[in-house]
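**Q** Requesting a structural model of the entry that follows:
(one chain, ligands or ions: 1)
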Amino acid sequence: MLQKTQIALACRSIGCDVRENAIMAEYTSFHIGGYADLLVTADSNDKVQRIKKLCAENNVPLMLIGNGSNLLVSDNGIRGVVLKLDGRFSNPEIQNGVIICHAGLPLKSLCRFARDNGLSGLEFAYGIPGTVGGAVYMNAGAYCGQISNVINWAEAVYPDGEVYRVQAEDMKLGYRHSVFMENRCFITSAAFRLKPDESHVIGQRMDEFMRLRRDKQPLEYPSAGSFFKRPKGYFAGALIEGSGLKGCRVGGAQVSEKHAGFIINLGGATSNDVLKLADQVINKVFCDHGVRLQPEVCFVG
Ligand SMILES: Cc1cc2nc3c(=O)[nH]c(=O)nc-3n(C[C@H](O)[C@H](O)[C@H](O)COP(=O)(O)OP(=O)(O)OC[C@H]3O[C@@H](n4cnc5c(N)ncnc54)[C@H](O)[C@@H]3O)c2cc1C
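**A** Numbering: from 1, shown residues only. As a prediction, the model looks like this:
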């Protein structure tokens with residue numbers, strides 16, 4: 001079995017950027033998280049496949065991240081390899097009215113590309129700070145839109161190391177759920193079927209959604225977005241506010257004063273602070289309203 005430095009060498013030899021003892025707080029929108037043994041950045045299917053194979057052969061734990069905008073990483077960090085998909089420099093393509101892009105592409109870049117090409121349907125996603133792959137995995141959504149309305153297919157590296165194409169109808173897309181949560185595949189590309197519209201009208205809708213976000217969300221603080229899923233028939237933020245928890249703090253973690261559905265990092269918050277605060281919120285909301293909140297944020301490490 002290869003040791004950490006040998007795994008790092010092997011990853012570098014196939015052209016990946018590798019950081020040893022990478023501080024995960026630098027790779028998450030929460031700015032929280034201890035060291036990952038190795039943080040490897042890959043920009044192609046081939047590299048993803050080779051790293052997956054390398055880790056499997058050497059019994060090294062492997063997890064994939066996109067932009068780290070829906071993650072709470074433990075203060076103890078992550079053992080093994082964290083693979084970060086980087087599609088910042090990839091160019092989406094249009095084939096027969098369908099946009100095809102790299103899963104590591106920032107969602108924002110995809111939305112701008114769609115707008116510039118007069119294709120509508122992704123405006124809702126403009127302010128979501130993740131990658132395309134993370135958005136498909138989470139079936140991200142906002143303002144009555146969600147990925148399931150526009151996704152056509154995605155390609156993913158399966159546990160057997162091969163790349164397969166999955167059609168939208170086979171993705172089991174539901175509220176913040178996809179089949180990729182069940183099969184631990186790594187999404188490498190995705191295709192979106194959109195509708196023609198005028199670029200400036202699409203742009204106006206994107207700007208309006210962005211304005212709503214700035215007005216309602218505590219974007220000035222690190223967070224992972226809405227911390228809890230929306231319970232059926234309720235809004236998590238309204239329940240939390242109704243329980244008088246706005247501004248409630250544990251260490252550096254706080255229930256946002258601006259939007260009670262967000263837990264924010266006031267500075268120096270640990271993952272334990274966030275978990276303790278989330279527990280308090282869950283218990284109080286359950287006592288007051290009989291509704292058990294479920295986290296939307298993925299805990300890692
Ligand atoms: C300020 C703010 C606002 C937000 N607003 C919204 C919103 O309006 N709507 C919404 O739905 N979310 C929102 N989010 C949450 C987050 O941006 C989304 O969930 C986003 O889709 C996560 O993408 P990511 O690339 O950052 O994924 P990460 O956070 O890196 O990863 C999240 C999960 O996805 C998995 N994953 C990531 N990429 C892949 C891939 N290529 N293949 C397989 N699995 C993968 C990871 O393993 C992990 O389990 C917000 C977050 C913030 C900080």
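**Q** so who does the residue nearest to S148 when sequence neighbours are not counted touch?
**A** Closest residue to S148 apart from its sequence neighbours, by CB to CB, 6 or more residues apart in numbering: L173 at 3.7 Å. Using the backbone N, CA and C atoms, a C-beta is placed for each residue, glycine as well. The contact partners of L173, taken as CB atoms under 8 Å, 6 or more residues apart in numbering, are 139, 146-148, 151, 179.
**Q** Go through these and single out the one with the most neighbours.
**A** Sorting the contacts of L173 by how many neighbours each has (other CB atoms under 10 Å) puts I147 first, at 26 neighbours.
**Q** correct me, but it touches A125?
**A** Yes - I147 is in contact with A125 according to CB atoms under 8 Å; the separation is 7.4 Å.
**Q** Overlap in contacts, those two.
**A** Joint contacts of I147 and A125 (CB under 8 Å, 6+ apart) are 135, 140.
**Q** mean confidence for whichever strand or helix holds G225?
**A** Taking DSSP states H and E as the definition, G225 sits inside strand 223-226. For strand 223-226, mean pLDDT is 98.
**Q** Can you verify my assumption that V136 contacts Q146?
**A** No - between V136 and Q146 there is no contact under CB under 8 Å: 10.7 Å.
**Q** quick one: low-confidence parts of this protein?
**A** 1-2 (pLDDT under 70).
**Q** Close to the ligand: what parts of it are there?
**A** 29, 63-71, 85, 103, 128-131, 133-135, 137-138, 140-142, 180, 186-187, 217, 219, 223-225, 298 (CB under 6 Å from any ligand atom).
**Q** Compute the number of surrounding residues for the closest residue to V82 other than its chain neighbours.
**A** Distances taken as CB to CB, 6+ apart place A36 nearest to V82, at 4.2 Å, with adjacent residues excluded. A36 has 27 neighbouring residues, counting by other CB under 10 Å.
**Q** need the contact list for A36.
**A** 21-22, 24, 77-78, 80-82.
**Q** Switch those over to TSV; also include distance to S44, neighbour count and secondary structure.
**A** TSV is the format used below for the contacts of A36 (distance: CB to CB, whole Å; neighbours: other CB atoms under 10 Å; DSSP: H, G, I helix; E, B strand; the rest coil):
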residue	distance to S44	neighbour count	secondary structure
N21	25	12	strand
A22	21	22	strand
M24	23	26	helix
G77	27	20	coil
I78	23	22	strand
G80	21	17	strand
V81	17	25	strand
V82	18	27	strand
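**Q** Closest to the ligand out of those residues?
**A** Taking CB to the nearest ligand atom as the measure, the ligand sits nearest to V82 out of these, at 9.3 Å.
**Q** So that closest one sits against T41, correct?
**A** No - counting by CB under 8 Å, V82 does not reach T41; the two are 9.6 Å apart.
**Q** Looking at the residues of the chain next to the ligand, which are in helices?
**A** Members of these lying in helices (criterion: DSSP state H): 133-135, 137-138, 180.
**Q** Among those, which pair sits farthest apart?
**A** A135 and F180 (11.2 Å; CB to CB).
**Q** rewinding a little: out of the residues of the chain next to the ligand, which sit inside strands?
**A** Cross-referencing those against strands under DSSP state E gives 63-65, 71, 85, 141-142, 186-187, 223-225, 298.
**Q** Number of residues surrounding the closest residue in space to A125 that isn't next to it in sequence?
**A** Spatial nearest neighbour of A125, excluding adjacent residues (CB to CB, 6+ apart): L107 at 5.2 Å. When neighbours are counted by other CB under 10 Å, L107 registers 26.
**Q** got it, and the one 4 residues further on?
**A** Other residues near C111 number 23, with proximity taken as other CB under 10 Å.
**Q** Enumerate every residue touching it.
**A** 122-123, 125-126, 206 are the contacts of C111 under CB under 8 Å, 6+ apart.
**Q** swap the cut-off to 10 Å and go again
**A** By CB atoms under 10 Å, 6 or more residues apart in numbering, C111 lies in contact with 119, 121-128, 202-203, 206, 209.
**Q** from those, which is closest to the ligand?
**A** I128 (4.4 Å).
**Q** Correct me if wrong: that closest one contacts G134.
**A** Yes - under the criterion of CB atoms under 10 Å, I128 makes contact with G134 at 8.8 Å.
**Q** List the residues that contact the closest residue to M24 other than its chain neighbours.
**A** Leaving aside its chain neighbours, M24 sits nearest to G33 (3.1 Å; criterion: CB to CB, 6+ apart). Taking CB under 10 Å, 6+ apart as the criterion, G33 is in contact with 22-27, 68, 71-78, 82, 270-271, 300-301.
**Q** What of M63?
**A** 36, 55, 71, 78-83, 184, 186, 298, 300-301.
**Q** again, but for G237
**A** Per CB under 10 Å, 6+ apart, neighbours of G237: 216, 226-228, 230, 246, 255-256, 259-262.
**Q** Great, nothing more from me.
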